[in-house]
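Trainee: The following comprises the amino acid sequence and a computationally predicted model.
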Amino acid sequence: MIKDDSQEANHIELGKFYFLNNKFNEAVAEFEKVLEVNPSNAEAYYNIGLIKEVSNLPNEAKDMYSKALAIRPDYKIARDRLNKLIGIEN
Amino acid sequence: MKKKQYAVIGLGTFGYNVAVELEKKGIQVLAVDNDSEIVNKISAFVTQALIADATDEKAMEDAGIADCDTVIVSIGESIETSILSTLIVKELGVKNIIVKSASSWHSKVAAKIGANTIVYPEFEMAKKLVDGIRSPNILEQIELSKEYNLIEVVAPKEIWGKTIKISGFRNNYGVNIIAIRKQIPFINDDGQSDMKEETNMVPGPEDEIDQNDILVVVGSKESLAKLKGDK
């Protein structure tokens, strides 16, 4: 499949918009669309992780942050949030 | 006013961290251990670090233990050494002695010889861990008295979107919400989604409880057990 960068970016922006407005189900749906287009999009995994964390689902959040870090090991904000959930001080 | 001074005797993992954290809070700490390597290591982080035998009364006196307001005895490897050291500290006239215990018998003996507070971190952490596994929605639990606890709990689904008054929280569970912690989504300076926490310390009857809120609740242990779903 040919990757469509603009489509990816649009879904990311829309997902962030929903996240900001506490519409978490809609936000997750947008980030999942990003992953359908590009399964290696670390930002989408990070954002889903953040929503899982805010929804008090720490294990699912850890899983998502780990996936983001597997793609982008230098993803600082994802690393910080994962460390915090595991109990490691940054 | 004279600055408070603490001593930590025994610099294993627990004692070492207690000493460093106290000093970070601006409290003068005298750290004592018979291992020169660990004393050297901590010397950069505390007011004074000394190599001394905790069971030698003269050495403890010379170290200035008697001048301390509080002494924390955190000798883990030998109960005998811990007890003897506690006794020496007591005889030197220290008003407040905290002992890290390694077993229930250790706790009983330390209490008999005059320890003011006994901490049993392994037991307390084990209990906390089990509570966390059993009730994942309970994030924190603090014992206020024999009958009352304070807990932090994820807002139950049935009250999402309701005000405190309409939720009937007090009537249904017999507990009081004393604070609400909210997770607020925002976009940070790097353009990344992020979230911060805001706490409403004086929730009123008209304040609404949202899906992701964490409630700080006070109530009897019996009422809180009902809330946790234990009964």
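Mentor: Alright, I've got the coordinates.

Trainee: and residue 79, how many neighbours?
Mentor: Just so you know, I chose chain A. By other Cβ atoms under 10 Å in any protein chain shown, 17 other residues sit near residue A:79. Yep, even glycine has a C-beta here, placed from its N, CA and C like the rest.

Trainee: look at chain B instead
Mentor: Neighbours of residue B:79 (other Cβ under 10 Å): 16.

Trainee: Pretty sure residue B:106 is one of the things it touches, is it not?
Mentor: Yes - at 4.9 Å, residue B:79 and residue B:106 qualify as touching, with contact defined as Cβ atoms under 8 Å.

Trainee: Please list the residues of chain B that sit near chain A.
Mentor: Contacts of chain B with chain A, taken as Cβ under 8 Å from any Cβ of the partner chain, map to B:137, B:154, B:183, B:185-188, B:190, B:192-195, B:210-212, B:214.

Trainee: Which among those count as buried?
Mentor: For those, a neighbour count by 16 or more other Cβ atoms under 10 Å in any protein chain shown gives the buried set as B:137, B:154, B:183, B:185, B:192, B:193, B:194, B:195, B:212, B:214.

Trainee: Could you find the closest non-adjacent residue to the last one?
Mentor: Across the structure, with Cβ to Cβ, 6 or more residues apart in numbering or on different chains as the measure, the residue nearest residue B:214 apart from its sequence neighbours is residue B:181 (4.1 Å).

Trainee: Provide the secondary structure category for that neighbour.
Mentor: strand (DSSP: H, G, I helix; E, B strand; the rest coil).

Trainee: measure it to residue B:63 for me?
Mentor: Using Cβ to Cβ, to the nearest Å, residue B:181 is found at 44 Å from residue B:63.

Trainee: quick revisit: possible to save the buried ones among the residues of chain B next to chain A as a markdown table with secondary structure?
Mentor: Output for those, formatted as a markdown table (three-state DSSP):
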| residue | secondary structure |
| --- | --- |
| B:137 | coil |
| B:154 | strand |
| B:183 | strand |
| B:185 | strand |
| B:192 | coil |
| B:193 | strand |
| B:194 | strand |
| B:195 | strand |
| B:212 | coil |
| B:214 | strand |
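
Trainee: what's the closest of those residues to residue B:127?
Mentor: residue B:137 (17.4 Å; Cβ to Cβ).

Trainee: on that earlier part again, where is pLDDT lowest across the residues of chain B next to chain A?
Mentor: Lowest pLDDT among those: residue B:137, with 72.

Trainee: pretty sure that one contacts residue B:154?
Mentor: Yes - between residue B:137 and residue B:154 there is a contact at 4.4 Å, judged by Cβ under 8 Å.

Trainee: shared neighbours, the two?
Mentor: Taking Cβ atoms under 8 Å, 6 or more residues apart in numbering or on different chains as the contact rule, residue B:137 and residue B:154 both touch residue A:56.

Trainee: hmm, what's the outermost residue in chain B?
Mentor: residue B:191 (36.9 Å; Cα atoms, centre = their mean).

Trainee: Tell me if that one really is in a helix.
Mentor: No - Residue B:191: not assigned to a helix; according to three-state DSSP it is coil.

Trainee: any idea of the pLDDT on it?
Mentor: pLDDT for residue B:191: 89.

Trainee: picking up where we left off before, wait, the residue nearest to residue B:214 sits on residue B:197?
Mentor: Yes - with contact defined as Cβ under 8 Å, residue B:181 counts as touching residue B:197 (5.8 Å).

Trainee: neighbour-wise, which of these two wins?
Mentor: Neighbour comparison, residue B:181 and residue B:197: the larger count goes to residue B:181, with 17 against 9 (by other Cβ under 10 Å).

Trainee: Which residue is the nearest non-sequential neighbour of residue B:110?
Mentor: Closest residue in space to residue B:110, ignoring its immediate chain neighbours: residue B:99 at 4.2 Å, by Cβ to Cβ, 6+ apart.

Trainee: pLDDT weak spots in the chain?
Mentor: With no chain named, the answer covers chain A. For chain A, the stretches with pLDDT under 70 are A:1-4, A:89-90.

Trainee: please go with chain B instead
Mentor: B:1-3, B:135-136, B:229-231.

Trainee: Outline the domain layout of chain B.
Mentor: B:5-121, B:131-228 (automatic domain parsing).

Trainee: Packed most tightly, which of those domains would that be?
Mentor: Each of those was scored by mean neighbour count; the highest is domain B:5-121, a mean of 18, by mean count of other Cβ atoms under 10 Å in any protein chain shown.

Trainee: if we can go back for a sec, what's the farthest-apart pair in the residues of chain B next to chain A?
Mentor: Taking Cβ to Cβ, the two most distant members of these are B:137 and B:190; they sit 32.4 Å apart.

Trainee: Does residue B:7 fall in a helix, a strand, or a coil region?
Mentor: strand.
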